[in-house]
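>>> here are the coordinates; sequence isn't available:
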């Protein structure tokens, strides 16, 4: 997404939230998966209301680690294995957008 896209998203009446993680800035590394764990209740609430998650970053380990972090959040709340499998499929195909380079 470009700057104008972010500005439009936050200037309208969208229920948008921005959380940032910087793995290369500063002494303490912050990774997306750590933010997912930290804000798991807020993220779960948003997901249950139909949120689509957009994540951007390194094409290395980040995409898989982020996906696993979201699945862990869901697994803590969805006990039925079949329901968790369905939720995971929806996450991967419709709800999680990853831009990596």
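That came through, no problem. Because the structure is a prediction, the values reported are computed rather than measured.

>>> and the longest helix seen in the chain, which residues are buried?
In the chain, assigned by DSSP state H, the helix with the most residues is helix 62-75. Buried residues in helix 62-75, counted by 16 or more other C-beta atoms under 10 Å: 62-63, 65-67, 69-71, 73-74. Placement of C-beta: from N, CA and C, glycine included.

>>> now swap in stretch 43-50 and tell me
Residues of stretch 43-50 classed as buried under the neighbour-count rule (16+ other C-beta under 10 Å) are 43-44, 46-47.

>>> for stretch 28-38, same thing?
Judged by neighbour count using 16+ other C-beta under 10 Å, the buried positions of stretch 28-38 are 30-33, 35-36.

>>> now do that stretch, average pLDDT.
When pLDDT is averaged over stretch 28-38, the result is 91.

>>> show me how far that stretch is from its chain's centre.
Taking the mean of its C-alpha atoms, stretch 28-38 sits 11 Å from the chain's own mean (C-alpha atoms, centre = their mean, to the nearest Å).

>>> dump the buried residues of helix 62-75 into a markdown table; add pLDDT and distance to residue 26 as well.
Formatted as a markdown table, the buried residues of helix 62-75 follow (pLDDT from 0 to 100; distance: C-beta to C-beta, whole Å):
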| residue | pLDDT | distance to residue 26 |
| --- | --- | --- |
| 62 | 94 | 18 |
| 63 | 96 | 23 |
| 65 | 96 | 19 |
| 66 | 96 | 20 |
| 67 | 96 | 25 |
| 69 | 97 | 21 |
| 70 | 97 | 25 |
| 71 | 97 | 28 |
| 73 | 97 | 25 |
| 74 | 97 | 30 |
